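Peer 1: Next comes the sequence, and after it the predicted model I'd like to discuss.
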Amino acid sequence: MIYHAGMNQLDHIVIAADSLQQGVDYLHQTLGVAIPAGGFHQTMGTHNHLMQLANDAYLEVIAIDPQAQAPPRPRWFGLDEATIRASLKRQPRLITWVMNTPDIHRLVGDAGFDIGVPTRLSRDNLEWEIALTDDGRLLAGGMLPYCIQWHSSPHPSRGMADLGCVLHALTIYHNRPRWLAERLDAIDASHLVQIEPLPDSESPYLMAAIETPGGVVTL
């Protein structure tokens, strides 16, 4: 169960792609659904496609918008980093996740480590604050969540397409599970994910188990 009313919640999972079409095609092949267009993030020079995953959670496919002006700051989700750009040219991937919190300023102040600065953004009729680092990096390589507070109601996932997909579990495979668990505890996020140990010879990664119309698929 990933929905917990009145506390921090899993907001969405982020699939990054070299282009939106590449990301949409990838998810059509893996999940068997055609994810509709979302919108544009003028501040970040990105655009996305979106679908709900039930329990006030959703899936976002995001890519750099080739028609947009380059933003004055590094894009979120590490999309300007050369190693990430190179990997996404090969294949889209589940790059990180986002946690919804009722008080982002308190969360940032109490975290005990840098999770970014609350930054107010908007798109269409949606308004939110998201904690962003100056360099746009992924937190712990994407294993720790970006943190968001919505100032729009109801949760935006309720207006997204329901394509029969439900997020069952989000699992983090990590070489330092205790270190990761301590940081997740510090931001009250440990109830949202599962952590599995990984040998030092392997790189940490995320895995999302999603029930689709064709059965359970892992990303």
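Peer 2: Sure thing, it's come through.
Peer 1: can you map out the strands along this structure?
Peer 2: 9-16, 37-41, 46-52, 58-64, 93-100, 117-123, 126-132, 146-150, 166-174, 194-197, 205-212, 215-218 (DSSP state E).
Peer 1: Contacts for the last one, please.
Peer 2: Outside strand 215-218, the residues that touch it by C-beta atoms under 8 Å, 6 or more residues apart in numbering are Thr30, Leu31, Gly32, His168, Met207, Ala208, Ala209, Ile210. (Glycine included, C-beta is placed from N, CA and C.)
Peer 1: any chance of the strands of the chain in a markdown table, with mean pLDDT, mean neighbour count and distance to Gln22 too?
Peer 2: A markdown table is the format used below for the strands of the chain (pLDDT from 0 to 100; neighbours: other C-beta atoms under 10 Å; distance: least, C-beta to C-beta, whole Å):
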| stretch | mean pLDDT | mean neighbour count | distance to Gln22 |
| --- | --- | --- | --- |
| strand 9-16 | 97 | 24 | 10 |
| strand 37-41 | 92 | 16 | 14 |
| strand 46-52 | 96 | 22 | 11 |
| strand 58-64 | 98 | 24 | 7 |
| strand 93-100 | 98 | 21 | 11 |
| strand 117-123 | 91 | 15 | 22 |
| strand 126-132 | 95 | 19 | 24 |
| strand 146-150 | 97 | 21 | 22 |
| strand 166-174 | 97 | 18 | 22 |
| strand 194-197 | 97 | 12 | 29 |
| strand 205-212 | 97 | 17 | 19 |
| strand 215-218 | 96 | 12 | 18 |
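Peer 1: would CSV of those strands with distance to Ser87 be doable?
Peer 2: Output for those, formatted as CSV (distance: least, C-beta to C-beta, whole Å):
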stretch, distance to Ser87
strand 9-16, 9
strand 37-41, 21
strand 46-52, 17
strand 58-64, 13
strand 93-100, 7
strand 117-123, 26
strand 126-132, 22
strand 146-150, 19
strand 166-174, 17
strand 194-197, 22
strand 205-212, 12
strand 215-218, 19
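Peer 1: Roughly how far does Asp135 sit from Ala189?
Peer 2: As judged by C-beta to C-beta, to the nearest Å, Asp135 and Ala189 stand 22 Å apart.
Peer 1: follow-up on the earlier one: so which two of the contacts of strand 215-218 are the farthest from each other?
Peer 2: Gly32 and Met207 (18.3 Å; C-beta to C-beta).
Peer 1: And the longest helix belonging to the chain, what does it pack against?
Peer 2: In the chain, assigned by DSSP state H, the helix with the most residues is helix 20-31. Judged by 3 or more C-beta pairs under 8 Å, 6 or more residues apart in numbering; DSSP states H and E, helix 20-31 is in contact with strand 9-16, strand 46-52, strand 58-64.
Peer 1: just to revisit the earlier point, the strands of the chain: which one's closest to Trp76?
Peer 2: Comparing the strands of the chain by C-beta to C-beta, strand 126-132 comes nearest, at 6.0 Å.
Peer 1: Give the partner strands of that closest one in its sheet and their orientations.
Peer 2: Sheet pairing here is set by DSSP bridges, and for strand 126-132 it gives strand 117-123 (antiparallel), strand 146-150 (antiparallel).
Peer 1: Of those, which is nearest Ala70?
Peer 2: Using C-beta to C-beta, these put strand 117-123 closest to Ala70, at 17.0 Å.
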